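Participant: my questions concern the predicted model and sequence given below.
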Amino acid sequence: MKNLPFASVHEAAIGVQRACNKAPLPELHLLPFSRFSAEDSSLWWLCKRKARAAYDQGKWVLGKVDRFDLDSDIMVGLHVERGFIQSAGTANWKHSPEWMWNQFVKDMAGEVALADAVSRASDIIGRPLDVFVTAGTEGDPNMNRVYFTSTGQSLALERADTVGDVLADVKSAGTWQELGSRLLHLPSAADWYWIEVYVLTQCSLDPAANNDLSTCVEMLSCFQKWLGKLE
């Protein structure tokens with residue numbers, strides 16, 4: 001497991017942002033999950049567009065997200081979301097053709113681009129990447145979740161916590177192409193669900209341990225194609 005030499009998720013997010021901007025990669029902005037208590041936020045995004053909300057963007061994510069239930073100090077990787085097709089919520093929750101999700105899932109289903117990126121990233125990190133597909137509805141604390149690991153083209157199912165048929169086909173996907181195809185053809189019930197895909201690596205967080213910051217940034221750069229939103 002690689003180590004980020006920082007004392008907190010907030011410090012790690014700042015460190016990764018600075019390292020990315022020096023790489024050079026596109027100028028990236030930090031966006032905390034907890035906007036009103038940013039320094040205490042356990043989840044941060046690196047986004048190409050500065051905004052209060054970045055649901056429509058592909059972004060890099062850093063944080064300890066409880067829904068993953070993995071034994072690591074911090075998760076680092078790519079995060080892409082699909083908004084509600086049917087929703088009574090706010091306008092920026094509504095999915096549209098401009099969301100990066102559309103290109104991301106097409107690249108899964110029809111090309112080798114994503115599988116190649118995962119293969120490169122896995123080689124850089126020296127371990128399989130953790131892949132999560134989640135689906136949730138407004139106001140419901142229960143989350144449908146499918147957890148795979150991957151070193152390239154294939155997906156190995158590790159765990160599936162699903163109710164109903166929203167992710168029923170997703171959990172049997174054995175390749176990125178199959179996963180992309182199934183995400184393109186989710187059942188109509190999924191129109192009421194917020195869908196997310198995370199492609200992550202687990203890291204420790206220890207200021208006194210190895211400094212693997214540059215390795216983590218190199219891993220993130222494999223997924224640069226899916227940063228931002230469709231123009």
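Facilitator: Happy to help now that I have it. Owing to the predicted nature of the structure, the values given are computational and were not obtained by experimental measurement.
Participant: need the pLDDT of S42.
Facilitator: For S42, the model assigns a pLDDT of 83.
Participant: what's the answer for R35, then?
Facilitator: We have a pLDDT of 68 for R35.
Participant: residue contacts, V61?
Facilitator: By Cβ atoms under 8 Å, 6 or more residues apart in numbering, the residues touching V61 are 43-46, 75-79, 198, 200. (Glycine included, C-beta is placed from N, CA and C.)
Participant: want to throw those residues into JSON lines with distance to L62 and neighbour count?
Facilitator: Shown next, in JSON lines, are the contacts of V61 (distance: Cβ to Cβ, whole Å; neighbours: other Cβ atoms under 10 Å):
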{"residue": "L43", "distance to L62": "7", "neighbour count": "19"}
{"residue": "W44", "distance to L62": "5", "neighbour count": "25"}
{"residue": "W45", "distance to L62": "8", "neighbour count": "20"}
{"residue": "L46", "distance to L62": "7", "neighbour count": "24"}
{"residue": "M75", "distance to L62": "7", "neighbour count": "22"}
{"residue": "V76", "distance to L62": "5", "neighbour count": "24"}
{"residue": "G77", "distance to L62": "8", "neighbour count": "24"}
{"residue": "L78", "distance to L62": "11", "neighbour count": "27"}
{"residue": "H79", "distance to L62": "10", "neighbour count": "25"}
{"residue": "Y198", "distance to L62": "11", "neighbour count": "21"}
{"residue": "L200", "distance to L62": "10", "neighbour count": "25"}
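Participant: of the residues you listed, closest to D116?
Facilitator: D116 lies nearest to L78 out of the contacts of V61, by Cβ to Cβ, at 13.8 Å.
Participant: shaky segments in this protein?
Facilitator: Applying pLDDT under 70 to the chain flags residues 34-40, 65-67, 88, 111, 141, 231.
Participant: buried residues of whichever strand in the chain runs longest, list them for me.
Facilitator: Longest strand of the chain, by residue count under DSSP state E: strand 194-205. Within strand 194-205, the residues scored as buried using 16 or more other Cβ atoms under 10 Å are 194-203, 205.
Participant: go on, stretch 140-149?
Facilitator: Using 16+ other Cβ under 10 Å as the test for burial, stretch 140-149 gives 143-148.
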